[in-house]
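**Student:** I need the structure of the sequence given here:
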Amino acid sequence: MDGFGAKAYSKLSLETDVLNADPHRLVLVLFDGAIGAIHRAKGLLAQRRIAEKCEALLQAMRIVDAGLSAAVDPSFAPQFAGRLTALYKYILMRLARGNSHNDVRALDEAAALLVDLREAWVRIRPSAGATQGNGVQVSDSVTRIVTATPAARALRAYRA
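**Tutor:** Now for the predicted structure:
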């Protein structure tokens, strides 16, 4: 498949995922998109294709800011939501650093944090029990799963 065909297929596949996905799956699509854009940016940086690297990182930043961060519902578990929002802001800061200074370590850190959050999100399954408005059950055990990730530890170290 040529480059155009692969890109068109990838876009169609993403559009199909979005149209058929439940809210839980949509968040996974956002995580995958942001992580993929960071990896793409690192490859472009290695090839010294700086303008394209910037575009890929801007895409990752938009996903984190307008997608993941905007999806946080502060009315449900406000303390947890505040911590998650702060972590997304930290990730955005690391992406900006990686972009402006071509700092691969900052990009690696941002990607690792997003991977940790994605793994925690995978453990949260839609449930028929007590749920928030979008059908996702959030309990003390889920909070412990997410706050025990390396991403949460990094945020605590950053705040200290």
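
**Student:** can you count the residues close to the residue nearest to residue 69 when sequence neighbours are not counted?
**Tutor:** Closest residue to residue 69 apart from its sequence neighbours, by CB to CB, 6 or more residues apart in numbering: residue 88 at 4.0 Å. Where C-beta positions appear, they are placed from N, C-alpha and C, glycine not excepted. The local packing of residue 88 (other CB atoms under 10 Å) involves 22 other residues.

**Student:** cool, residue 66 as well?
**Tutor:** Residues near residue 66, counting by other CB under 10 Å: 11.

**Student:** same deal with residue 23?
**Tutor:** Counted with other CB under 10 Å, the neighbours of residue 23 add up to 12.

**Student:** and residue 85, that one's in a helix?
**Tutor:** Yes: assessed with DSSP: H, G, I helix; E, B strand; the rest coil, residue 85 lies in a helix.

**Student:** buried residues in the helix or strand harbouring residue 54?
**Tutor:** If you go by DSSP states H and E, residue 54 is part of helix 50-62. Neighbour counts over helix 50-62 (16 or more other CB atoms under 10 Å) mark 53, 56, 57, 59, 60, 61 as buried.

**Student:** do the same with stretch 39-50
**Tutor:** The neighbour-count check on stretch 39-50 (16+ other CB under 10 Å) flags 40, 41, 42, 44, 45 as buried.

**Student:** which one of these is nearest residue 26?
**Tutor:** For the buried residues of stretch 39-50, the minimum distance to residue 26 (CB to CB) is 20.8 Å, reached by residue 40.
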